[in-house]
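Undergrad: no FASTA, just this:
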């Protein structure tokens, strides 16, 4: 009775939230469901015929989880997922409640698999509740210091959690991230590693804001033969002789195309060659991560190839919308490593860029915005044709961009809709406007642009 009441309550609140266009209806419904029945998540997760998999890490969770869901569908499975973006326990609870029948059973139970994107700090709690078959760790960068603390804090949390995983849990780990790769030292079960082998994608020396300079085992400063971005690359420790392990899934070739990029992935089961509608090396990492998790789940390479080939952008992650004869591309920005990759991706062609930058400091963004001074905005100097700055901390961003050489006094407009209108008007017809918002600003921006473009709300784009 309690489980049924929790499911019905969650669905009612979700329907009301969506009817009012207040979001996908994931946080509050899940919170209410857990209050009504605290055992809802472990109970429903235990009824998924194919078990569950978790996707966690600083950057790439949403896109990677979306890619994995597409692969699962091509393999004949029916994912249950918190695809609307709520990656705390309440988001998992809401996803399970919405997918289950009123009595707690699932249609096509034998094909049901949970693919849950999980917040870095919440991962241990979710793992204890859903008892996953596999867990993917993408990377570990500085993010929301006021909430997470330094990267060593999260790394310690992860190592403690992994030590508690039973031997039946398979880990998929980023071999190019020293902190993530070190989790294999404490894993009891199978480990699959992924990374980039194509050294033509090297980005130069270690960035000044790199977040992993020291060996997690002995404290010696790491050496790199290849750096891709941030602290991701081919690393070794001259102290204890640890080194980047050979990946089981590797990006062996990557070329850029007009409408995305072509990626070749080498796996233990064969080669996967796909065209992705994204740009940026970080999205090649996402594809490799999704492939590694799919292999961990026992999915064959043909389904992986079909799933990746049919991929579309997640909301706010290089999503393109047509507005007033312009192409508007929304690219989430949340920490130095991620924004640096966005800047490098959009400036690769050398053409002048039209930009709208939104900076918020809400809880979900992180109250501490000092991270904007570690972003290499100077790369944009001399290549910006128009610029509008908005958000709760617009003047802070305007000051940062002024010092980066992007104008003596960048145009500031606090109203999101007016800022977008000005930015679109400054973009030539047929041109592209790049909108770079932090998380909560992205939700507002996406809702506004979705209405103008005649596109559905962000939570409607990835059905179950």
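TA: Ah, there it is. Just so we're clear, the structure is a prediction, and the values are computed from it rather than from any experiment.
Undergrad: domains for the chain, by residue range?
TA: Split into domains by automatic domain parsing, the chain comes to 2-309, 317-460.
Undergrad: got the end-to-end distance for the first one?
TA: Using C-alpha to C-alpha, to the nearest Å, the gap from the first to the last residue of domain 2-309 comes to 42 Å.
Undergrad: also stretch 225-245?
TA: End-to-end distance for stretch 225-245, by C-alpha to C-alpha: 13 Å.
Undergrad: same thing with stretch 115-124?
TA: Terminal residues of stretch 115-124 lie 16 Å apart, using C-alpha to C-alpha.
Undergrad: and if you look at stretch 393-411?
TA: 13 Å.
Undergrad: what residues does it touch?
TA: Contact with stretch 393-411 is made by 357-361, 369, 372-373, 375, 377-378, 380-382, 384, 387-389, 391, 412-414, 422, as judged by C-beta atoms under 8 Å, 6 or more residues apart in numbering. The C-beta positions use only the backbone N, C-alpha and C, and glycine is treated the same way.
Undergrad: hmm, 10 Å instead?
TA: Residues from elsewhere that reach stretch 393-411, judged by C-beta atoms under 10 Å, 6 or more residues apart in numbering: 355-361, 365, 369-370, 372-373, 375-384, 386-391, 412-414, 419, 422-423, 426, 436, 438, 441.
Undergrad: now do stretch 197-205
TA: Residues outside stretch 197-205 that contact it (C-beta under 10 Å, 6+ apart) are 175-176, 196, 224-230, 232-234, 246-247, 250-255, 263-266, 281, 284, 288, 340-341, 344.
Undergrad: how far does it sit from its chain's centre?
TA: Computed by C-alpha atoms, centre = their mean, to the nearest Å, the chain-centroid distance of stretch 197-205 equals 22 Å.
Undergrad: repeat that for stretch 212-228.
TA: Remark: stretch 212-228 is offset 24 Å from the chain centroid, using C-alpha atoms, centre = their mean.
Undergrad: can you give me the buried ones in it?
TA: Buried residues in stretch 212-228, defined by neighbour count with 16 or more other C-beta atoms under 10 Å: 212, 215, 216, 222, 224, 226, 227, 228.
Undergrad: count of residues packed around residue 44?
TA: By other C-beta atoms under 10 Å, the residues close to residue 44 number 29.
Undergrad: check the gap between it and residue 425 for me.
TA: Distance of residue 44 to residue 425, given as C-beta to C-beta, to the nearest Å: 49 Å.
Undergrad: on that earlier part again, among the contacts of stretch 393-411, which lie within strands?
TA: 355, 356, 357, 358, 384, 386, 387, 388, 389, 390, 412, 436 (DSSP state E).
Undergrad: for this protein, which spans come out with low pLDDT?
TA: Applying pLDDT under 70 to the chain picks out residues 18-26, 143-149, 208-209, 315-316, 456-464.
Undergrad: wait, residue 48 sits on residue 92?
TA: No: with contact defined as C-beta atoms under 10 Å, residue 48 does not reach residue 92; the gap is 11.7 Å.
Undergrad: higher neighbour count, these two?
TA: Using other C-beta under 10 Å as the criterion, residue 48 and residue 92 rank with residue 92 on top: 32 against 23.
Undergrad: for the more buried one, give me its contacts.
TA: The neighbours of residue 92, taking C-beta under 10 Å, 6+ apart as the test, are 26, 30, 34, 40-41, 44-45, 52, 54, 80-82, 86, 114, 116-118, 122, 125-126, 129-130.
Undergrad: quick one, longest helix in this protein?
TA: Using DSSP state H to define each element, the chain has its longest helix at helix 2-19.
Undergrad: list the buried residues for that one?
TA: Buried residues in helix 2-19, counted by 16+ other C-beta under 10 Å: 3, 6, 7, 9, 10, 11, 13, 14, 17, 18.
Undergrad: now for the one helix or strand residue 157 maps to, which elements pack on it?
TA: Residue 157 is located in helix 151-164, with elements delineated by DSSP states H and E. The helices and strands touching helix 151-164, judged by 3 or more C-beta pairs under 10 Å, 6 or more residues apart in numbering; DSSP states H and E, are strand 52-56, helix 123-130, strand 134-137, helix 145-148, helix 178-181.
Undergrad: of those, which approaches residue 313 most closely?
TA: strand 52-56 (16.7 Å; C-beta to C-beta).
Undergrad: tabulate the helices and strands packed on helix 151-164 in a markdown table, adding columns for mean neighbour count and distance to residue 98.
TA: Putting the helices and strands packed on helix 151-164 into a markdown table (neighbours: other C-beta atoms under 10 Å; distance: least, C-beta to C-beta, whole Å) gives the following:
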| stretch | mean neighbour count | distance to residue 98 |
| --- | --- | --- |
| strand 52-56 | 28 | 15 |
| helix 123-130 | 20 | 16 |
| strand 134-137 | 28 | 23 |
| helix 145-148 | 15 | 27 |
| helix 178-181 | 25 | 31 |
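Undergrad: tabulate those (TSV), appending distance to residue 307.
TA: Supplementary listing: the helices and strands packed on helix 151-164 in TSV, determined by distance: least, C-beta to C-beta, whole Å:
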stretch	distance to residue 307
strand 52-56	14
helix 123-130	22
strand 134-137	15
helix 145-148	31
helix 178-181	23
